[in-house]
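S.K.: Pasting the sequence and the predicted model now:
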Amino acid sequence: MRLIRAREIKLMWDGNQICALIGPDLHVGVGGFGDDVPDALLDLVGTIQADDDTTVWVPRHAVQYREDGVLKCQCPECGHIRVMHGFDRVIAYICPACGESVDVLPLADGEHDDEPPPDEDEHRE
């Protein structure tokens, strides 16, 4: 199985066609081509659906919050809660439970104080 981890679709010209690319390049990632953006995106979808060996994974961001004045982050992949001692804010970390690299959403002023992050399991497919 080929797993492509990406958060964006890049659009660029390739000759006289538009390329919709997921991943760093066509060797590692997957692309679709068309005369316009909708055609390139539709071709990308068709390419992904036709290749049973390719999976695109869009990693979710962790949410940081304060509980009793202590900064914490919850891994969106495994649910592990990590206490971030000595930090005012976190932008990314490696989850010690599952080993995934996790990007972290900014802590909004006053948001999530003394409350855990919302349960996102109901949003997973």
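M.R.: Here it is on my side, so go on. Since we're looking at a predicted model, the values are computed, not measured.

S.K.: At which residues are the strands of this protein located?
M.R.: 2-5, 10-14, 17-22, 30-34, 54-57, 63-67, 70-74, 81-83, 92-94, 101-103 (DSSP state E).

S.K.: which residue sits closest to residue 6, ignoring its sequence neighbours?
M.R.: residue 22 (4.8 Å; CB to CB, 6 or more residues apart in numbering). Any C-beta I mention is one placed from the backbone N, CA and C, and that applies to glycine too.

S.K.: how much space is there between that neighbour and residue 29?
M.R.: 5 Å (CB to CB, to the nearest Å).

S.K.: Residue 102: how many residues sit nearby?
M.R.: 22 (other CB atoms under 10 Å).

S.K.: so what's it bridging to?
M.R.: Residue 102 forms beta bridges with residue 93, as assigned by DSSP bridges.

S.K.: And for residue 72?
M.R.: Here residue 72, judged by DSSP bridges, has bridge partners residue 65, residue 83.

S.K.: got the contact list for it?
M.R.: Going by CB atoms under 8 Å, 6 or more residues apart in numbering, residue 72 touches 64-66, 81-84.

S.K.: distance of it from residue 40?
M.R.: 41 Å.

S.K.: Could you do residue 31 as well?
M.R.: Residue 31 is 8 Å from residue 40, by CB to CB.

S.K.: How about residue 81?
M.R.: 41 Å.

S.K.: Comparing those two, which shows the higher neighbour count?
M.R.: Set side by side, residue 81 and residue 40 show more neighbours around residue 40, with 23 against 14, by other CB under 10 Å.
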